[in-house]
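Peer 1: Whatever this is, show me its structure:
(one chain, ligands or ions: 1)
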Amino acid sequence: MTFFNISQTFLKHRVRHWSANCQWTRSLAVSHTLFPCRGLSTDGSTPRPQISEDSIEVFSHVHPRDDMTNVTAKILSTVGSQLHNRPHHPLWLIKEHIKDHFYRSYIGRTGNPLFSVHDNLSPVVMVEQNFDSLLIPPDHPSQKKVDNYYLNCTHMLRAHTSAHQKELVRSGLDRFLLAGDVYRRDEIDSDHNPVFHQMEGVRLFSNHELFARVKNGEELSLFESAGRRTPQKQETHTLEAVKLVEFDLKQALTHLMRHLFGEDRNPIRWVDCYFPFTHPSFEMEVRFQGDWLEMLGCGVMEQELLCSAGAGNKMGWAFGLGLERLAMVLFGKIYSLSNPLLFSDISFWLPAEGYTENDFYDLELVDKFTHPKKEIQMSHCYRVVYRHMERTLTQEEMHIIHGAIEQAAEKELRVQGRY
Ligand code: PHE
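Peer 2: So this is what the prediction gives:
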(Lines give C-alpha, C1' and ligand atoms only; values in the text may rest on other atoms or scores of the structure.)
Protein backbone atom coordinates (compact mmCIF):
# COMPACT_ATOMS: atom_id res chain seq x y z
CA MET A 1 0.00 0.00 0.00
CA THR A 2 1.31 3.48 -0.80
CA PHE A 3 0.80 6.05 1.87
CA PHE A 4 -0.91 8.44 -0.50
CA ASN A 5 -3.71 5.97 -1.21
CA ILE A 6 -5.03 6.77 2.18
CA SER A 7 -5.44 10.37 1.42
CA GLN A 8 -6.88 9.77 -1.97
CA THR A 9 -9.73 7.91 -0.37
CA PHE A 10 -9.70 10.69 2.15
CA LEU A 11 -10.17 13.13 -0.68
CA LYS A 12 -13.12 11.22 -2.12
CA HIS A 13 -14.95 11.05 1.16
CA ARG A 14 -14.14 14.61 1.87
CA VAL A 15 -15.63 15.92 -1.33
CA ARG A 16 -18.75 13.82 -1.07
CA HIS A 17 -19.51 14.95 2.44
CA TRP A 18 -18.40 18.50 1.91
CA SER A 19 -20.90 18.91 -0.85
CA ALA A 20 -23.59 17.48 1.38
CA ASN A 21 -22.75 20.11 3.98
CA CYS A 22 -21.46 22.87 1.78
CA GLN A 23 -24.32 25.28 2.19
CA TRP A 24 -23.81 25.24 5.86
CA THR A 25 -20.09 25.58 5.52
CA ARG A 26 -20.35 28.41 3.09
CA SER A 27 -22.84 30.28 5.15
CA LEU A 28 -20.67 29.91 8.23
CA ALA A 29 -17.65 31.13 6.34
CA VAL A 30 -19.49 34.12 4.99
CA SER A 31 -21.29 35.11 8.12
CA HIS A 32 -18.05 35.33 10.04
CA THR A 33 -15.34 36.14 7.55
CA LEU A 34 -17.53 38.37 5.45
CA PHE A 35 -15.11 38.58 2.57
CA PRO A 36 -12.30 36.59 1.19
CA CYS A 37 -8.85 38.00 0.95
CA ARG A 38 -7.99 38.42 -2.64
CA GLY A 39 -4.61 37.62 -4.15
CA LEU A 40 -1.93 35.49 -2.69
CA SER A 41 -1.66 36.22 0.95
CA THR A 42 -3.65 37.53 3.83
CA ASP A 43 -1.71 40.78 3.92
CA GLY A 44 -2.44 41.39 0.25
CA SER A 45 1.14 42.45 -0.50
CA THR A 46 2.30 39.31 -2.35
CA PRO A 47 1.83 39.38 -6.11
CA ARG A 48 -0.38 36.79 -7.80
CA PRO A 49 1.43 33.79 -9.32
CA GLN A 50 2.49 34.36 -12.91
CA ILE A 51 2.51 31.51 -15.34
CA SER A 52 4.37 32.09 -18.61
CA GLU A 53 5.74 30.00 -21.45
CA ASP A 54 9.07 29.37 -19.82
CA SER A 55 8.64 30.02 -16.13
CA ILE A 56 6.32 30.04 -13.13
CA GLU A 57 6.53 32.79 -10.57
CA VAL A 58 5.13 32.11 -7.10
CA PHE A 59 5.75 34.21 -4.01
CA SER A 60 8.23 36.30 -6.02
CA HIS A 61 10.39 33.27 -6.89
CA VAL A 62 10.84 32.39 -10.55
CA HIS A 63 10.89 28.66 -11.33
CA PRO A 64 12.00 27.77 -14.86
CA ARG A 65 9.70 25.23 -16.52
CA ASP A 66 11.00 21.79 -17.46
CA ASP A 67 9.72 18.30 -18.28
CA MET A 68 8.24 17.88 -14.81
CA THR A 69 6.16 21.07 -14.81
CA ASN A 70 2.48 20.24 -14.45
CA VAL A 71 0.98 22.98 -12.23
CA THR A 72 -1.92 24.72 -13.85
CA ALA A 73 -3.02 28.36 -13.64
CA LYS A 74 -6.15 27.16 -11.84
CA ILE A 75 -4.29 25.40 -9.05
CA LEU A 76 -1.81 28.27 -8.74
CA SER A 77 -4.68 30.69 -8.25
CA THR A 78 -5.56 28.87 -5.02
CA VAL A 79 -1.99 28.88 -3.67
CA GLY A 80 -1.73 31.32 -0.81
CA SER A 81 -5.43 31.63 -0.04
CA GLN A 82 -4.61 30.31 3.46
CA LEU A 83 -8.10 29.33 4.58
CA HIS A 84 -6.60 27.99 7.80
CA ASN A 85 -5.44 31.52 8.64
CA ARG A 86 -8.71 33.34 7.93
CA PRO A 87 -10.34 34.18 11.23
CA HIS A 88 -13.59 32.26 11.77
CA HIS A 89 -13.26 30.05 8.70
CA PRO A 90 -14.18 26.48 9.77
CA LEU A 91 -10.61 25.30 9.10
CA TRP A 92 -9.18 28.16 11.14
CA LEU A 93 -11.61 27.34 13.92
CA ILE A 94 -10.45 23.72 14.05
CA LYS A 95 -6.81 24.73 13.92
CA GLU A 96 -7.40 27.09 16.84
CA HIS A 97 -9.15 24.34 18.83
CA ILE A 98 -6.20 22.01 18.30
CA LYS A 99 -3.68 24.72 19.23
CA ASP A 100 -5.72 25.55 22.29
CA HIS A 101 -5.72 21.93 23.41
CA PHE A 102 -1.96 21.58 23.00
CA TYR A 103 -1.27 24.94 24.65
CA ARG A 104 -3.29 23.93 27.68
CA SER A 105 -2.16 20.34 27.93
CA TYR A 106 1.60 20.80 27.55
CA ILE A 107 2.89 23.55 29.79
CA GLY A 108 6.50 24.11 30.81
CA ARG A 109 7.75 24.82 34.32
CA THR A 110 7.34 28.56 33.86
CA GLY A 111 3.83 28.21 32.42
CA ASN A 112 5.00 28.52 28.83
CA PRO A 113 3.38 26.40 26.07
CA LEU A 114 5.70 23.58 25.04
CA PHE A 115 4.41 23.13 21.48
CA SER A 116 5.25 25.87 19.00
CA VAL A 117 2.79 26.42 16.15
CA HIS A 118 3.77 27.11 12.53
CA ASP A 119 1.02 27.96 10.08
CA ASN A 120 2.67 30.20 7.59
CA LEU A 121 5.29 28.02 5.89
CA SER A 122 5.25 28.29 2.09
CA PRO A 123 3.44 25.44 0.32
CA VAL A 124 6.15 25.62 -2.37
CA VAL A 125 8.77 23.12 -1.22
CA MET A 126 11.72 21.32 -2.69
CA VAL A 127 10.98 17.87 -4.05
CA GLU A 128 13.71 16.76 -1.66
CA GLN A 129 11.72 18.06 1.34
CA ASN A 130 8.49 16.41 0.27
CA PHE A 131 10.07 13.01 -0.40
CA ASP A 132 13.80 12.42 0.19
CA SER A 133 13.89 14.07 3.62
CA LEU A 134 11.21 11.55 4.63
CA LEU A 135 13.08 8.53 3.25
CA ILE A 136 10.59 8.16 0.38
CA PRO A 137 12.61 6.60 -2.47
CA PRO A 138 12.51 8.13 -6.00
CA ASP A 139 10.65 5.14 -7.41
CA HIS A 140 7.97 5.26 -4.71
CA PRO A 141 4.49 5.51 -6.29
CA SER A 142 3.70 8.63 -4.26
CA GLN A 143 6.32 10.57 -6.27
CA LYS A 144 4.46 10.05 -9.56
CA LYS A 145 3.92 13.12 -11.69
CA VAL A 146 0.23 12.29 -12.08
CA ASP A 147 -0.28 12.48 -8.31
CA ASN A 148 1.54 15.73 -7.58
CA TYR A 149 1.88 19.33 -8.71
CA TYR A 150 5.43 19.99 -9.82
CA LEU A 151 6.69 23.50 -10.58
CA ASN A 152 9.73 21.83 -12.12
CA CYS A 153 12.10 18.97 -11.28
CA THR A 154 13.32 20.65 -8.08
CA HIS A 155 10.20 22.34 -6.66
CA MET A 156 6.60 21.30 -6.09
CA LEU A 157 3.48 22.18 -4.10
CA ARG A 158 3.77 20.15 -0.90
CA ALA A 159 1.67 16.98 -0.90
CA HIS A 160 1.68 16.78 2.90
CA THR A 161 2.77 18.86 5.88
CA SER A 162 5.30 16.13 6.75
CA ALA A 163 7.49 17.88 4.14
CA HIS A 164 8.58 20.29 6.92
CA GLN A 165 9.37 17.72 9.63
CA LYS A 166 13.06 17.56 9.00
CA GLU A 167 13.71 21.33 8.68
CA LEU A 168 11.82 22.06 11.92
CA VAL A 169 13.59 19.30 13.85
CA ARG A 170 16.91 20.55 12.43
CA SER A 171 16.08 24.04 13.68
CA GLY A 172 16.14 22.62 17.19
CA LEU A 173 12.43 22.17 17.91
CA ASP A 174 11.37 19.25 20.11
CA ARG A 175 7.62 19.81 20.03
CA PHE A 176 5.69 21.53 17.28
CA LEU A 177 2.44 21.73 15.38
CA LEU A 178 2.25 22.87 11.81
CA ALA A 179 -0.80 23.64 9.73
CA GLY A 180 -0.92 24.20 5.99
CA ASP A 181 -2.57 23.75 2.64
CA VAL A 182 -1.49 20.64 0.72
CA TYR A 183 -1.93 19.76 -2.94
CA ARG A 184 -2.54 16.42 -4.64
CA ARG A 185 -3.60 15.72 -8.17
CA ASP A 186 -6.61 13.54 -8.32
CA GLU A 187 -6.90 12.22 -11.82
CA ILE A 188 -9.70 9.82 -11.04
CA ASP A 189 -12.30 12.53 -10.92
CA SER A 190 -11.36 15.98 -12.10
CA ASP A 191 -14.20 17.55 -10.09
CA HIS A 192 -12.33 16.89 -6.89
CA ASN A 193 -10.79 19.80 -5.16
CA PRO A 194 -7.08 18.96 -5.15
CA VAL A 195 -6.32 21.30 -2.23
CA PHE A 196 -6.90 20.38 1.37
CA HIS A 197 -5.36 21.14 4.74
CA GLN A 198 -3.34 19.18 7.24
CA MET A 199 -2.07 19.67 10.76
CA GLU A 200 1.19 17.96 11.60
CA GLY A 201 2.39 17.31 15.13
CA VAL A 202 5.84 16.18 16.28
CA ARG A 203 7.15 15.40 19.74
CA LEU A 204 10.70 14.29 20.53
CA PHE A 205 11.91 12.67 23.77
CA SER A 206 15.35 12.49 25.30
CA ASN A 207 16.22 9.34 27.29
CA HIS A 208 15.53 11.24 30.49
CA GLU A 209 12.16 12.68 29.36
CA LEU A 210 10.80 9.34 28.24
CA PHE A 211 11.76 7.31 31.29
CA ALA A 212 11.44 10.00 33.97
CA ARG A 213 8.15 8.63 35.28
CA VAL A 214 9.23 4.97 35.22
CA LYS A 215 10.57 3.43 38.41
CA ASN A 216 14.34 2.98 38.05
CA GLY A 217 13.93 4.61 34.62
CA GLU A 218 17.57 5.72 34.59
CA GLU A 219 18.51 2.07 33.93
CA LEU A 220 16.48 2.04 30.69
CA SER A 221 17.65 3.22 27.29
CA LEU A 222 16.05 4.49 24.07
CA PHE A 223 18.51 2.60 21.90
CA GLU A 224 20.06 -0.84 21.51
CA SER A 225 22.99 -1.68 19.28
CA ALA A 226 22.38 -5.14 17.84
CA GLY A 227 18.59 -5.00 17.56
CA ARG A 228 16.37 -6.25 14.75
CA ARG A 229 13.52 -4.53 12.93
CA THR A 230 10.24 -6.28 13.75
CA PRO A 231 6.59 -5.33 13.14
CA GLN A 232 6.68 -3.68 16.59
CA LYS A 233 9.89 -1.63 16.36
CA GLN A 234 12.87 -0.27 14.45
CA GLU A 235 16.27 -1.96 14.74
CA THR A 236 17.86 0.85 16.79
CA HIS A 237 15.01 1.23 19.34
CA THR A 238 14.40 -0.78 22.50
CA LEU A 239 10.93 -2.30 22.75
CA GLU A 240 10.25 -0.54 26.05
CA ALA A 241 11.05 2.87 24.56
CA VAL A 242 8.83 2.22 21.54
CA LYS A 243 5.93 1.12 23.72
CA LEU A 244 6.16 4.27 25.83
CA VAL A 245 6.40 6.56 22.78
CA GLU A 246 3.50 4.74 21.12
CA PHE A 247 1.44 5.01 24.29
CA ASP A 248 2.18 8.75 24.58
CA LEU A 249 1.24 9.30 20.92
CA LYS A 250 -2.05 7.43 21.14
CA GLN A 251 -2.92 9.09 24.41
CA ALA A 252 -2.15 12.57 23.05
CA LEU A 253 -4.38 11.98 20.04
CA THR A 254 -7.18 10.35 22.03
CA HIS A 255 -7.21 13.34 24.39
CA LEU A 256 -7.24 15.69 21.42
CA MET A 257 -10.30 13.94 19.98
CA ARG A 258 -12.03 14.06 23.34
CA HIS A 259 -11.34 17.80 23.50
CA LEU A 260 -12.72 18.30 19.99
CA PHE A 261 -15.74 16.02 20.09
CA GLY A 262 -16.79 16.59 23.69
CA GLU A 263 -18.42 14.07 25.95
CA ASP A 264 -20.67 12.28 23.46
CA ARG A 265 -17.66 11.57 21.33
CA ASN A 266 -17.52 9.42 18.23
CA PRO A 267 -15.85 6.03 18.80
CA ILE A 268 -12.28 5.78 17.52
CA ARG A 269 -10.06 2.82 16.62
CA TRP A 270 -6.38 2.28 15.70
CA VAL A 271 -5.37 0.46 12.54
CA ASP A 272 -1.80 -0.66 11.72
CA CYS A 273 -0.47 0.82 8.50
CA TYR A 274 2.69 1.81 6.65
CA PHE A 275 4.49 5.12 6.09
CA PRO A 276 8.11 5.29 4.90
CA PHE A 277 8.94 7.84 7.63
CA THR A 278 7.41 6.16 10.70
CA HIS A 279 7.58 2.67 12.18
CA PRO A 280 5.44 1.35 13.69
CA SER A 281 2.69 3.33 11.93
CA PHE A 282 -1.00 3.70 12.64
CA GLU A 283 -4.13 5.31 11.38
CA MET A 284 -6.83 6.60 13.63
CA GLU A 285 -10.32 5.93 12.35
CA VAL A 286 -13.40 7.69 13.65
CA ARG A 287 -16.92 6.33 13.51
CA PHE A 288 -19.09 8.65 11.47
CA GLN A 289 -22.56 8.04 10.07
CA GLY A 290 -22.16 4.27 10.12
CA ASP A 291 -18.66 4.22 8.53
CA TRP A 292 -15.09 4.18 9.86
CA LEU A 293 -13.32 7.25 8.51
CA GLU A 294 -9.53 7.63 8.36
CA MET A 295 -8.77 10.74 10.32
CA LEU A 296 -5.00 10.78 10.61
CA GLY A 297 -1.76 8.91 10.03
CA CYS A 298 0.90 8.68 12.72
CA GLY A 299 3.75 6.66 14.14
CA VAL A 300 7.16 6.48 15.75
CA MET A 301 9.54 8.58 13.64
CA GLU A 302 12.19 6.73 11.66
CA GLN A 303 15.48 7.16 13.52
CA GLU A 304 17.35 7.74 10.25
CA LEU A 305 15.23 10.87 9.73
CA LEU A 306 16.04 12.17 13.20
CA CYS A 307 19.74 11.41 12.75
CA SER A 308 19.84 13.30 9.45
CA ALA A 309 18.10 16.25 11.18
CA GLY A 310 20.73 16.34 13.94
CA ALA A 311 18.50 14.83 16.66
CA GLY A 312 19.88 11.29 16.63
CA ASN A 313 20.01 11.14 20.44
CA LYS A 314 16.20 11.47 20.68
CA MET A 315 13.15 9.43 19.73
CA GLY A 316 9.90 10.90 18.52
CA TRP A 317 6.36 10.55 17.35
CA ALA A 318 4.62 12.35 14.49
CA PHE A 319 1.08 12.63 13.24
CA GLY A 320 -0.64 14.22 10.23
CA LEU A 321 -4.30 15.08 10.56
CA GLY A 322 -6.72 16.00 7.76
CA LEU A 323 -8.50 19.20 8.75
CA GLU A 324 -11.38 18.93 6.25
CA ARG A 325 -11.95 15.38 7.42
CA LEU A 326 -12.14 16.55 10.99
CA ALA A 327 -14.43 19.43 10.01
CA MET A 328 -16.73 16.96 8.34
CA VAL A 329 -17.12 14.86 11.45
CA LEU A 330 -17.29 17.82 13.83
CA PHE A 331 -19.72 19.88 11.82
CA GLY A 332 -21.53 16.86 10.43
CA LYS A 333 -22.37 16.07 14.01
CA ILE A 334 -23.78 19.52 14.49
CA TYR A 335 -25.48 19.30 11.11
CA SER A 336 -27.21 16.12 12.18
CA LEU A 337 -28.78 18.02 15.08
CA SER A 338 -30.82 19.63 12.31
CA ASN A 339 -30.92 23.15 13.59
CA PRO A 340 -33.18 24.91 11.11
CA LEU A 341 -31.70 26.74 8.15
CA LEU A 342 -32.61 30.34 7.36
CA PHE A 343 -32.21 31.80 3.88
CA SER A 344 -31.75 35.36 2.81
CA ASP A 345 -30.79 36.76 -0.58
CA ILE A 346 -28.41 39.61 -1.14
CA SER A 347 -28.65 41.63 -4.38
CA PHE A 348 -26.46 44.43 -5.60
CA TRP A 349 -25.48 46.40 -8.66
CA LEU A 350 -21.95 45.66 -9.72
CA PRO A 351 -19.37 48.39 -10.20
CA ALA A 352 -18.49 49.07 -13.85
CA GLU A 353 -15.21 47.21 -13.40
CA GLY A 354 -13.08 45.41 -10.86
CA TYR A 355 -15.62 42.79 -9.74
CA THR A 356 -15.49 39.08 -10.48
CA GLU A 357 -18.13 36.51 -9.56
CA ASN A 358 -16.02 34.68 -7.04
CA ASP A 359 -15.21 37.90 -5.19
CA PHE A 360 -18.39 37.21 -3.30
CA TYR A 361 -17.02 34.05 -1.82
CA ASP A 362 -18.23 31.08 -3.81
CA LEU A 363 -21.85 31.41 -2.81
CA GLU A 364 -24.54 30.23 -5.14
CA LEU A 365 -25.31 32.96 -7.66
CA VAL A 366 -29.10 32.74 -7.91
CA ASP A 367 -29.77 35.50 -10.41
CA LYS A 368 -28.01 37.81 -12.84
CA PHE A 369 -29.77 40.80 -14.25
CA THR A 370 -28.78 43.54 -16.69
CA HIS A 371 -30.73 46.75 -16.43
CA PRO A 372 -32.70 47.22 -19.70
CA LYS A 373 -31.94 50.92 -19.99
CA LYS A 374 -28.44 51.20 -18.62
CA GLU A 375 -26.69 48.42 -20.58
CA ILE A 376 -23.60 48.44 -18.41
CA GLN A 377 -25.35 48.00 -15.07
CA MET A 378 -25.40 44.39 -13.98
CA SER A 379 -26.85 43.06 -10.81
CA HIS A 380 -26.08 39.84 -8.98
CA CYS A 381 -28.15 38.03 -6.41
CA TYR A 382 -26.59 35.54 -4.00
CA ARG A 383 -28.30 33.24 -1.55
CA VAL A 384 -26.84 33.11 1.95
CA VAL A 385 -27.83 30.16 4.10
CA TYR A 386 -27.60 30.58 7.87
CA ARG A 387 -27.57 28.01 10.59
CA HIS A 388 -26.62 28.38 14.23
CA MET A 389 -24.14 25.74 15.34
CA GLU A 390 -25.84 24.92 18.64
CA ARG A 391 -29.45 26.09 18.50
CA THR A 392 -32.13 27.66 16.34
CA LEU A 393 -31.04 30.96 14.83
CA THR A 394 -33.72 33.63 15.11
CA GLN A 395 -34.84 35.85 12.23
CA GLU A 396 -33.62 38.90 14.18
CA GLU A 397 -30.16 37.41 14.64
CA MET A 398 -29.99 36.54 10.98
CA HIS A 399 -31.01 40.10 9.96
CA ILE A 400 -28.18 41.58 12.00
CA ILE A 401 -25.59 39.37 10.31
CA HIS A 402 -27.17 39.86 6.90
CA GLY A 403 -27.14 43.63 7.33
CA ALA A 404 -23.46 43.51 8.26
CA ILE A 405 -22.71 41.49 5.14
CA GLU A 406 -24.60 43.98 2.96
CA GLN A 407 -22.70 46.90 4.45
CA ALA A 408 -19.35 45.20 4.14
CA ALA A 409 -20.12 44.25 0.51
CA GLU A 410 -20.81 47.88 -0.35
CA LYS A 411 -17.66 49.04 1.37
CA GLU A 412 -15.18 46.40 0.30
CA LEU A 413 -16.41 45.38 -3.13
CA ARG A 414 -17.72 48.81 -4.19
CA VAL A 415 -21.10 47.37 -5.15
CA GLN A 416 -24.41 49.15 -4.67
CA GLY A 417 -27.12 47.39 -2.67
CA ARG A 418 -30.54 46.66 -4.26
CA TYR A 419 -32.62 46.37 -1.17
N1 PHE B 1 1.99 12.63 5.86
C2 PHE B 1 1.09 11.51 5.99
C3 PHE B 1 -0.05 11.66 4.94
O4 PHE B 1 -0.27 12.74 4.46
C5 PHE B 1 0.49 11.40 7.40
C6 PHE B 1 1.54 11.15 8.49
C7 PHE B 1 2.14 12.22 9.15
C8 PHE B 1 1.89 9.87 8.83
C9 PHE B 1 3.09 11.98 10.16
C10 PHE B 1 2.81 9.62 9.83
C11 PHE B 1 3.40 10.67 10.49
O12 PHE B 1 -0.71 10.72 4.60
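
Peer 1: Which strand residues bridge the spatially most central residue of the chain?
Peer 2: Nearest to the geometric centre of the chain sits His197, at 1.9 Å (CA atoms, centre = their mean). Beta-bridge partners of His197, counted by DSSP bridges, are Asp181.

Peer 1: what pLDDT does it get?
Peer 2: pLDDT for His197: 95.

Peer 1: Kindly report the same for Leu222.
Peer 2: Looking at Leu222, its pLDDT is 98.

Peer 1: doesn't Gln129 make contact with His160?
Peer 2: No: using CB atoms under 8 Å, His160 makes no contact with Gln129, being 10.4 Å away. Where C-beta positions appear, they are placed from N, C-alpha and C, glycine not excepted.

Peer 1: So the two - more neighbours on which side?
Peer 2: His160 (25 against 18; other CB atoms under 10 Å).

Peer 1: I'd like to know how far the residue nearest to the centre of the chain sits from Leu253.
Peer 2: Distance, His197 to Leu253, by CB to CB, to the nearest Å: 18 Å.

Peer 1: Kindly report the same for Leu321.
Peer 2: 8 Å.

Peer 1: more crowded one of the two?
Peer 2: Neighbours per residue (other CB under 10 Å) separate Leu321 from Leu253, with Leu321 holding more: 24 against 21.

Peer 1: Wait, a helix at that one?
Peer 2: No: looking at Leu321 with DSSP: H, G, I helix; E, B strand; the rest coil, it is strand, so not inside a helix.

Peer 1: Quick check: it touching Met295?
Peer 2: Yes: using CB under 8 Å, Leu321 makes contact with Met295 at a distance of 6.6 Å.

Peer 1: Would you confirm that Asp272 contacts Ser281?
Peer 2: Yes: with contact defined as CB under 8 Å, Asp272 and Ser281 form a contacting pair (7.2 Å).

Peer 1: These two: which is more packed in?
Peer 2: Ser281 (19 against 10).

Peer 1: so how far is Glu167 from the more buried one?
Peer 2: Counting by CB to CB, the gap from Ser281 to Glu167 is 21 Å.

Peer 1: Enumerate every residue touching Thr278.
Peer 2: 297-302, 317-318 (CB atoms under 8 Å, 6 or more residues apart in numbering).

Peer 1: which SSE is the nearest residue to Val415 once chain neighbours are set aside in?
Peer 2: Distances taken as CB to CB, 6 or more residues apart in numbering place Phe348 nearest to Val415, at 4.0 Å, with adjacent residues excluded. When secondary structure is defined by DSSP states H and E, Phe348 falls within strand 342-349.

Peer 1: quick one: strands adjacent to that strand?
Peer 2: With DSSP bridges as the test, strand 342-349 is paired with strand 378-386 (antiparallel), strand 416-417 (antiparallel).

Peer 1: quick one: low-confidence ranges for the chain?
Peer 2: Within the chain, the ranges that satisfy pLDDT under 70 run 1-46, 186-193, 333-339, 356-366, 372-376, 389-390.

Peer 1: Which single residue in it comes nearest to the ligand?
Peer 2: At 2.7 Å from the ligand, Gly320 is the closest residue in the chain, using CB to the nearest ligand atom.

Peer 1: Could you report the neighbour count for that residue?
Peer 2: Neighbours around Gly320, by other CB under 10 Å: 25.

Peer 1: give me every residue that touches it.
Peer 2: By CB under 8 Å, 6+ apart, the neighbours of Gly320 are 160-162, 198-200, 296-298.

Peer 1: among those, which are in reach of the ligand?
Peer 2: Filtering the contacts of Gly320 for proximity to the ligand by CB under 6 Å from any ligand atom leaves 160, 162, 297-298.

Peer 1: Which residue ranges of the stretch 1-150 of the chain form helices?
Peer 2: Using DSSP state H, counting those that start in this stretch, the helices of the stretch 1-150 of the chain run over 3-33, 73-78, 90-105, 127-130.
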